[in-house]
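In: can't give you the sequence, but here's the structure:
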Ligand SMILES: [Zn+2]
Ligand SMILES: [Zn+2]
């Protein structure tokens, strides 16, 4: 009997990008805000340091029709956007998790299922995140000016070989 090769038995081995973006999509399934399900994974040297998804602060009510607190804000370019005041974004929660457990995230990378909003981007810059990998673009034009002035890189990766289906 011949030995079957690894590839006969298992699907193709995931690349690191596929692996971490798959993890980010899996984590997004824990999100509780009805408006968006986002997942984030902070990584250094191919090790996961912290994770986050968007949702209400610990112990506070999850978003429901009553609890989603929608507010609108107007960007300087005139575009109006809606956000939920009840939730903390996935990237913020990943930074908070690292702080809570005393994990340094300086010079790390983050995988997010969607590109960060301007507030999360500013926090990621100050946390020392050097590369932001995202899957779905979200109002990139709002963060392009800050990005151009920073050393942090924003790179879209949309791996075909995700182990988990994209949600939303
Ligand atoms: Zn909400
Ligand atoms: Zn955000």
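Out: Sure, I can see it. None of these values were measured; they are calculated from a predicted model. Ligands and ions are numbered 1, 2, ... in the order given.

In: my guess is residue 57 contacts residue 92. True?
Out: No: contact criterion Cβ atoms under 8 Å: residue 57 and residue 92 do not qualify, at 10.5 Å. Every residue, glycine included, has its C-beta placed from N, CA and C.

In: which one's more surrounded, those two?
Out: residue 92 (20 against 11; other Cβ atoms under 10 Å).

In: following the host helix or strand of the more buried one, which helix or strand comes up?
Out: Secondary-structure element containing residue 92, defined by DSSP states H and E: helix 90-100. Using DSSP H and E, the helix or strand that follows helix 90-100 in sequence is strand 108-114.

In: pLDDT on the helix holding residue 92, on average?
Out: For helix 90-100, mean pLDDT rounds to 98.

In: for that helix, which outside residues touch it?
Out: 27-28, 31, 38-42, 49-55, 88, 103-105, 110, 112-113, 116, 119-120, 123-124, 127 (Cβ atoms under 8 Å, 6 or more residues apart in numbering).

In: change it to 6 Å
Out: Applying Cβ atoms under 6 Å, 6 or more residues apart in numbering, the external contacts of helix 90-100 come out as 38-40, 42, 50-54, 105, 116, 120, 123-124, 127.

In: narrow those residues to those in strands?
Out: Among the contacts of helix 90-100, DSSP state E puts 39, 40, 42, 50, 51, 52, 53 in strands.
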